[in-house]
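# Give me the fold of what follows.
(chains A and B)
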Amino acid sequence: MNRKWSAAALAGALTLAGCSSDLPTTQAPGGNSESAKAKSEFFDQSEFERQLRFRTAKAVGLDSQDGAAKPWEQMLEPQLVDTAKYAKPGGGYHLCFSNASVDNPWRQVGFKTMKEEVKLHPEITKFTVLDAEAKDDKQISDIQSLASQGCSALIVSPNTTATLTPAVEAACATGVPVIVFDRGVKTSCPVTFIHPIGGFAFGADGAEFLKEKVAPGGKVLALRILPGVDVLEQRWAAADQIFSGSQVKVVGVEFTNGDAAKTKSIVNEYIQREGKIDGVWMDAGATAVAAVEAFQDAGAAIPPFVGEDQQDFLRMWADEKMTAVAPTYPTYQWRTPVIAALRVLGGKQVPREWVLPQPKVTQDTLKDFIKQDMPPLHYAMCGCEGMPGYPAPWK
Amino acid sequence: MRARPRLADGTGPVLVVLLILLVVLAFAGPAYAEPSGYLALLKRAAPLVVLAVGQYFVIVSGGFDLSVGSLVTAEVVVAARLVDGDDANTWWVIALLLGCGVLVGLVNGLITTKLLVPSFIVTLGMLLVLDGAVFLWSGGAPRGALSPSFRVLGRGSADVPVLGQVPWSVIVLLVVVVVAVWFMRSGTGRMLLAVGDNENVVRLAGGRVDRLRLLAFVLSALLASVAAILLAGFAGVSAQVGEGLEFRAITAVVLGGVLLGGGRGSVVAAAAGALSLEALFSLLNLLGVSGALESAVQGVIIIAAVAYAAHGAGLRQILRRPVPDTA
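Here you go, the predicted model:
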């Protein structure tokens, strides 16, 4: 009897262990119990409209050099602020960077791009990076530790928005110019906050494409990574908004956990269940290839697809002559914080909120982004092809 | 031990559960009206069944193997890097993966038997070590690619006379189950079961308990490598491929009526447990139940099945008692 009970206790412990290891590593504020409810709590009409407007707005180059500016040097509707109080002429800068993590291919490509950008500027003599390994508490202590290392400027890519806000405020209070990018913080103390247009625009790019390509009454399957992460919730909220105003029928919204095998099983089950799927929308492209393969393996025609700018998907798109679109969350945004830091230290103006253009890969531009010699998970929109070290560091 | 019954103790209930699930599937989804739907289900279930068979060997001998999920992830990531999209590399990389599996199993088994660390702790440690090693090596983003020939086992089909196209993974699944059944009916297999029941008796009878335990861990890790090859073939490279698989495999084994702590249960039931679990998830999906429920369902199954095993004898008596009373 005794042994049986200990076995039962062990199983209980196992259950707990299994559950806790299943928790998503990227937590974000907000609940997740959304299903077929009316409208997502993450939907914000005015922000949605602002982002859709940004997609067609004309970007401004730095120091009004409109034509020549690269996308990572462009700004949308900038409100420039003076940075004279941070000016520190003479070079010999010590640039510091508190990174949320490098635990996915997007952050890997981005971080490599940032390191190469730093190499382009001889006035940066020291570049200190602390990796928070996707832990809020580690990032808080990282920021504190950087505050005592004599940084000329501090770049922060926050792990989560709300939790990191006090740490960023404390860093601002030391007088060092702070530059935040990717995810934001809930304080206006950083000199600038750099990000591409955003999740609503990303989600809308894909949904509008399907609205146009899928016949009225067609069945669309929406695949999401996980609930509760604000950037991903925004993508879906925008797509949901656009689908609800269209003739297409969303037959399923499923979470894949970013797992290719699970994605493939889900798509396979939907093909069996619905008989035919006429379009696939995804909130991120990491498992897009697995989803396409599910159609191939089932012997079904590949319907219009929404992916992302990873090489494996782009190659599949071209090889299979798919009808597809790839919205992007450009990795070139990792170049901009370095450029911004140098401008601030040079006393030049930067926008308070630096909104970068967020292009999408379409049928017409597809061949420009396919790079056969790059790894399958490389993000095409890295803005790195012209950099001196290319392509070795990204391989 | 009593004389060998036709079906080992605990096999009956899970087969009934499986049968019910398959019949309900046929009503719930039009795709299951034909054999191809079930073949697709078998193909999806193949890696889990293979893992469950491996886990069965360890559990029935009185241990746990929590390292299989992270072993699968590690092997898939390593395979992608080493194959690098070149068909010429396929076969030696497959051999290397199987070799690595044996090595991991040996380490698990030796630490458990020689250093007397409980297998729960050893394999939990191995899980963390492999997870960390994969992250350190890949930085969270797998590099390289699998070759088309590597993916055939998980993705492709073979032409079988009479049956037509049968996925390779289903053939691998059948081979693994048949060999496992044969093994459990051999002398070594029976000894393994006896070790889980009462290792002192086996030791006094001259059985080599440590060797048998070691064998169970090696088989588990080896089959995890097979599952890794199938999964990589099925879905391609991903750093999340093995997440939670150890838990699923244990759920499957427990669902098959195998006693945690060892000594009782059949390998067919464990395989049927894995198939039932996969069929259940497919059914939940067909009925439109959110995928988020999967973890909850697994938790309930584990607790219910273990509770049933702990009280099973008493329950059966209670259920039977009214019969003579009313007669």
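# what's stretch B:100-117 in contact with?
B:63, B:65, B:67, B:71, B:74-75, B:78, B:118-119, B:122-123, B:126, B:130, B:209-210, B:213-226, B:228 (Cβ atoms under 8 Å, 6 or more residues apart in numbering or on different chains). Where C-beta positions appear, they are placed from N, C-alpha and C, glycine not excepted.
# and the stretch 51-200 of chain B, which of its residues are near chain A?
B:64, B:66, B:120, B:124, B:135, B:139-145, B:155 (Cβ under 8 Å from any Cβ of the partner chain).
# Now intersect these with the helices, please.
B:120, B:124, B:135, B:155 (DSSP state H).
# from the contacts of stretch B:100-117, which would you call buried?
Taking 16 or more other Cβ atoms under 10 Å in any protein chain shown as the criterion, what is buried in those is B:63, B:65, B:67, B:71, B:74-75, B:78, B:119, B:122-123, B:126, B:130, B:209-210, B:213-226, B:228.
# Read off the pLDDT value for B:R320.
Here the pLDDT value assigned to B:R320 is 60.
# cool, A:F43 as well?
On pLDDT, A:F43 comes in at 88.
# burial measure for it, as a count.
17 (other Cβ atoms under 10 Å in any protein chain shown).
# Check for me that it belongs to a strand.
No. Assessed with DSSP: H, G, I helix; E, B strand; the rest coil, A:F43 is coil; it does not lie in a strand.
# Next, give me the two most distant ones among the residues of the stretch 51-200 of chain B next to chain A.
The two members of those with the most space between them (Cβ to Cβ) are B:F120 and B:A145, at 36.3 Å.
# From B:N198, how far out is the nearest residue to B:T11 once chain neighbours are set aside?
Excluding the flanking residues, the one nearest B:T11 by Cβ to Cβ, 6 or more residues apart in numbering or on different chains is B:A269, at 4.2 Å. Between B:A269 and B:N198 the computed distance is 21 Å (Cβ to Cβ, to the nearest Å).
# Which residue ranges of the stretch 151-300 of chain A form strands?
Shown for the stretch 151-300 of chain A, the strands assigned by DSSP state E, counting those that start in this stretch span residues A:153-157, A:178-181, A:192-196, A:219-224, A:249-255, A:279-282.
# Mean pLDDT, mean neighbour count and distance to A:L62 added to those, as JSON lines?
Converted to JSON lines, these look like this (pLDDT from 0 to 100; neighbours: other Cβ atoms under 10 Å in any protein chain shown; distance: least, Cβ to Cβ, whole Å):
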{"stretch": "strand A:153-157", "mean pLDDT": "95", "mean neighbour count": "27", "distance to A:L62": "17"}
{"stretch": "strand A:178-181", "mean pLDDT": "94", "mean neighbour count": "26", "distance to A:L62": "15"}
{"stretch": "strand A:192-196", "mean pLDDT": "94", "mean neighbour count": "24", "distance to A:L62": "12"}
{"stretch": "strand A:219-224", "mean pLDDT": "94", "mean neighbour count": "22", "distance to A:L62": "36"}
{"stretch": "strand A:249-255", "mean pLDDT": "90", "mean neighbour count": "19", "distance to A:L62": "40"}
{"stretch": "strand A:279-282", "mean pLDDT": "96", "mean neighbour count": "26", "distance to A:L62": "34"}
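# Out of those strands, which gets nearest to chain B?
strand A:249-255 (5.4 Å; Cβ to the nearest Cβ).
# quick revisit: and B:A269 and B:N198? which has more neighbours close in?
Neighbour count, other Cβ under 10 Å: between B:A269 and B:N198, B:A269 has more, with 28 against 13.
# isn't that one right up against B:L18?
No. Between B:A269 and B:L18 there is no contact under Cβ atoms under 8 Å: 9.7 Å.
# which ones are touching B:E246?
Here B:E246 is in contact with A:18, B:55, B:65-70, B:127 (Cβ under 8 Å, 6+ apart).
# Format those as TSV; extra columns: distance to A:A340 and pLDDT.
Shown next, in TSV, are those (distance: Cβ to Cβ, whole Å; pLDDT from 0 to 100):
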residue	distance to A:A340	pLDDT
A:G18	44	42
B:Q55	53	95
B:D65	51	93
B:L66	46	94
B:S67	45	94
B:V68	47	95
B:G69	42	93
B:S70	40	94
B:L127	42	93
